[in-house]
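>>> This is a predicted model, with the sequence first.
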Amino acid sequence: MAIVEVPGLFKERKYPFIASVVFVISLFAAFLLFSSSQSSAFRSYAGVNVITQSPPQQENAGSLKNSTTSPSGDDAPETTFTWKLCEGPGMIDFIPCLDNWKAMKAYRKLERKERHCPTEPSSRCLIPLPPGYKMPIPWPKSRDMIWYDNVPHPKLVEYKKDQHWVVKSGEYLIFPGGGTQFKEGVGHYIEAIEKILPVIEWGKHTRVVLDVGCGVASFGGYLLDRDVITLSFAPKDEHDAQIQFALERGIPATLAVISTKKLTFPDNAYDMIHCARCRIRWDADGGKPLIEINRILRPGGYFVWSATPVYVKDEEHQNIWKATVALTESMCWKIVNKTSVHGTSVGVAIFQKPTTPSCYKSRQEDNPPLCDSSKHVHISWDDPLDGCLPPIPAVSTEDHSNWPLAWPERLKTKSSSLSSVEPGSATSYEEDSNHWSALVSDVYLKSLAINWSSIRNVMDMNAGYGGFAAALIDLPVWVMNVVPVNEPDTLSVVFDRGLIGTYHDWCESLSTYPRTYDLLHASFLFKKQSQRCDVVDIVVEIDRVVRPGGILIVQDSTEVMKELIPILSSLKWSSTLHQDEFLVGRKVSGALQAEGNRLK
C-alpha cells in the first residue's frame with residue numbers, strides 16, 4: 001500500500017505513477033521548506049492523503065446507493081480518502097481565493113480584497129467549526145437574530161453600537177434594523193425612498209436590487225417583505241465579517257469589491273443599485289467605479305445614493321458631489337430627485353440611466369467613449385474595469401421599452417435577452433421552464449426526503465435559465481443562480497426573470513464564507529467540469545460552503561455518481577440515490593457531532 005500526498009487545489013495533474021511519486025515527494029519537501037518562512041495560517045492549510053489499494057470486486061449500478069468505493073475500470077484501484085482539519089488562526093472563516101496571503105502582499109489595499117486564487121499546488125484540508133457552533137436559527141426569525149457562536153465576531157458590535165447595526169444579547173446577535181443612514185430605522189428609509197419616487201414601486205416595477213457596501217444587509221433583508229430580491233455585497237472583512245452576518249441571517253449576499261476588476265454580473269442586470277455611505281469615490285480612476293455601475297444597471301434603472309457628499313455642505317464634500325454629478329452627466333444620467341429622507345437630516349440623490357442611446361450621439365465630447373461592440377465581453381469574469389459605456393439594447397417596437405413586465409409576471413415571460421444566447425433559445429427556455437416546474441413539484445419536493453422548512457440559502461451551481469429557482473419561488477428560500485464561465489451565457493435571462501445570480505469558474509473557490517448555504521444543486525455540472533479540473537476539489541469546496549446538516553443534490557451520469565459517492569462518504573456525508581438519477585448528499589450535523597470527530 002502506497003501513501004502519496006495529492007497535489008493541486010482545483011488543478012488536476014496526470015503523470016505516470018513513478019514520475020508522480022517523485023514529483024509529489026519533491027513538492028511536499030519544497031512545501032515544508034517554504035512553510036517555515038510563512039505565516040502560521042498559510043502554513044497550516046494542509047492535509048489530505050489518497051490511499052491506493054488492490055482493486056475490489058466490481059459493484060453493479062444497483063448497489064450504487066451504498067457504494068463506498070469508486071470503481072472506474074477493471075484495473076482501477078479502490079480510492080479512499082483521509083482528511084485533516086485546516087489549522088491556524090482564522091481558519092474557521094478561510095476563503096482560498098480571498099485569503100491568499102502570499103499573493104495579497106503584492107497589491108494595493110483595495111486590490112488585496114480582489115480574488116487571488118492559489119496558483120501553486122496546495123494540499124486540501126477541511127474548515128473547522130467555530131467552538132459552540134449551533135444549527136442556524138430558521139427563517140424568518142433569523143433576519144432579526146442569529147447565534148453569536150456561529151459568527152463570533154464582536155468588533156462590529158462595539159464599532160457600530162451607536163448606529164444600531166447589531167447588538168449582542170446573551171447567546172444572540174440582534175439586528176434591530178438600524179444603520180448609518182437609517183436614522184429612523186431601515187423600514188422608514190425604504191418607505192421614504194418610494195415616497196420620494198413613487199414610480200419605483202417596490203416589488204412590482206423594481207424587483208432586482210444591488211446594495212453596494214451593504215453594512216449587515218438590513219436594507220436587503222427588509223426589502224424581502226416587499227417582494228424585492230436584493231443582492232448585498234461588500235469586501236471581505238470591511239466591517240468584521242458583515243457579509244457572513246448577512247448570510248447567517250438568510251439574506252442574499254456575496255463578497256466583492258469595485259477596484260480593478262469587473263463585478264461578476266452581466267450588462268443591464270439590476271433594476272436599481274443602492275449605495276448608503278458605501279465609501280466609494282465614484283469619480284476615481286477616470287470614473288471607472290461609476291462606469292461599472294452603469295454597465296450592470298438596466299436602462300431606465302435607478303442609482304440611489306445616500307451619502308454625505310449629497311447633503312453635507314463643506315468644501316470637501318461639495319467638490320466630491322460636483323465631480324460625481326459631472327460624471328453622471330457625461331454618461332447621460334439624469335438626476336430625478338435630490339432631497340432629504342423625511343424626518344431626518346440624511347440626504348438622498350436618485351439618478352436614472354437613459355433608456356435609449358440617443359443622448360450618447362448628441363454629446364459634445366465622446367468621454368467616456370462608447371465600448372467597441374465587436375470587442376465587448378459579455379461574461380465578466382476576471383476582466384479589468386472598462387472606461388467605456390456599453391451599448392444600450394434596441395428598444396422593443398411592441399412596448400417601446402426593454403423594461404421587464406411587473407413582478408411576478410416577469411418570472412414566466414420570455415426574456416428579450418434570449419436572442420443573444422444561442423439559436424433556438426426561446427424554445428429551449430420554454431422547455432426548460434416546464435421541465436423544472438414538473439421535476440421540482442414531483443421529485444424534489446415530494447420524493448427526496450428533504451425538509452424544505454429547514455432550507456433558506458440555496459445555490460444552483462449550473463443554473464441555465466434559472467428554471468430551478470423559478471420552480472422554488474413559492475418556498476421561503478432564495479437562490480443564487482450560478483452560470484459557469486464555460487457554459488452558454490444565460491445570466492441576463494436569469495436577471496430578466498427577476499432572479500439573481502453570478503458567473504463563476506468551478507475550478508476555483510467561491511467568494512463566500514464557510515457554512516453559508518443550506519442546499520447546493522448541481523444538474524449535469526460535474527461531467528463537464530471534470531474535463532477541466534479535479535472533481536475532488538469541487539467536492540471539498542462544496543463541503544466548505546455547505547452548513548452542517550446541509551444538502552447537495554446532484555443529477556448527472558452514473559459514472560459521475562460512482563465518483564462522487566466515495567468522496568462524500570469519506571467526508572462522513574450520507575448519500576442516497578433516487579431513481580438512479582438523483583444523488584442526495586447530507587453533510588454531518590455540526591450540532592450533533594464535533595467537526596474533529598467526523599474525520600475519525
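Received, thanks.
>>> what number of residues lie near the nearest residue to residue 195 once chain neighbours are set aside?
Distances taken as CB to CB, 6 or more residues apart in numbering place residue 342 nearest to residue 195, at 6.9 Å, with adjacent residues excluded. All C-beta atoms are positioned from the backbone trio N, CA, C, and that covers glycine. Per other CB atoms under 10 Å, the neighbour tally for residue 342 reads 13.
>>> same check, this time on residue 326
Neighbour tally, residue 326, other CB under 10 Å: 11.
>>> can you tell me which residues contact it?
Residue 326 sits next to residue 283 when contact means CB atoms under 8 Å, 6 or more residues apart in numbering.
>>> Validate this expectation: it resides in a helix.
Yes - under DSSP: H, G, I helix; E, B strand; the rest coil, residue 326 falls within a helix.
>>> Alpha carbons of the helix or strand containing residue 157, as CSV, please.
Using DSSP states H and E, residue 157 falls within helix 155-159. Provided in CSV are the C-alpha atoms of helix 155-159 (Å, rounded to 0.1, in the frame of the first residue of the first chain):
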residue,chain,number,x,y,z
LYS,A,155,-15.8,44.1,16.8
LEU,A,156,-18.7,45.3,14.7
VAL,A,157,-21.0,45.3,17.8
GLU,A,158,-18.7,47.7,19.5
TYR,A,159,-17.7,49.7,16.4
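>>> now it: mean pLDDT?
Across helix 155-159, pLDDT averages out at 82.
>>> Assess the claim that the residue nearest to residue 195 and residue 193 are in contact.
No - using CB atoms under 8 Å, residue 342 is not in contact with residue 193; the gap is 10.2 Å.
>>> in the stretch 151-300 of the chain, which spans are helices?
For the stretch 151-300 of the chain, the helices defined by DSSP state H, counting those that start in this stretch occupy 155-159, 186-196, 218-223, 242-249, 284-296.
>>> Going by mean pLDDT, which of those comes out lowest?
helix 155-159 (a mean of 82).
>>> so how far is that one from its chain's centroid?
25 Å (CA atoms, centre = their mean, to the nearest Å).
>>> Stretch 465-485 now?
Using CA atoms, centre = their mean, the offset of stretch 465-485 from its chain centre is 13 Å.
>>> Does anything pack onto the helix holding residue 157? Which helices or strands?
Other helices and strands packing on helix 155-159, by 3 or more CB pairs under 8 Å, 6 or more residues apart in numbering; DSSP states H and E, are absent; none qualifies.
>>> which residues touch it?
Taking CB under 8 Å, 6+ apart as the rule, helix 155-159 contacts 165-168, 173, 216, 239-242, 245.
>>> Over to stretch 427-446?
412, 414-415, 418, 450, 452, 464-465, 467-468, 470-472, 493, 553, 578-579, 582.
>>> Any buried residues in that stretch, and which?
Neighbour counts using 16 or more other CB atoms under 10 Å place 428-429, 432-433, 436, 439-440, 443-444 of stretch 427-446 among the buried residues.
>>> Could I have the CA atoms of it written out in CSV?
What follows is stretch 427-446, C-alpha atoms only, in CSV (Å, rounded to 0.1, in the frame of the first residue of the first chain):
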residue,chain,number,x,y,z
THR,A,427,-37.9,27.2,-27.5
SER,A,428,-35.3,25.7,-25.1
TYR,A,429,-36.2,28.3,-22.5
GLU,A,430,-39.9,27.3,-22.5
GLU,A,431,-39.0,23.6,-22.4
ASP,A,432,-36.6,24.3,-19.5
SER,A,433,-39.2,26.1,-17.5
ASN,A,434,-41.7,23.3,-18.0
HIS,A,435,-39.1,20.7,-17.2
TRP,A,436,-38.1,22.3,-13.9
SER,A,437,-41.6,23.1,-12.8
ALA,A,438,-42.6,19.4,-13.1
LEU,A,439,-39.4,18.0,-11.7
VAL,A,440,-39.3,20.2,-8.6
SER,A,441,-43.0,19.5,-7.9
ASP,A,442,-42.9,15.8,-8.5
VAL,A,443,-39.4,14.8,-7.3
TYR,A,444,-37.6,17.5,-5.4
LEU,A,445,-40.4,18.5,-3.1
LYS,A,446,-42.1,15.0,-2.7
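>>> Contact partners for residue 142?
So residue 142 contacts 136, 248-250, 456 (CB under 8 Å, 6+ apart).
>>> Which single one of those is nearest to residue 180?
Nearest to residue 180 among those: residue 249, at 18.2 Å, using CB to CB.
>>> I figured the closest one was touching residue 217, is that so?
Yes - using CB under 8 Å, residue 249 is in contact with residue 217, at 7.0 Å.
>>> re the thing from before, between the helices of the stretch 151-300 of the chain, which gets nearest to residue 402?
Residue 402 lies closest to helix 284-296 among the helices of the stretch 151-300 of the chain, at 14.8 Å (CB to CB).
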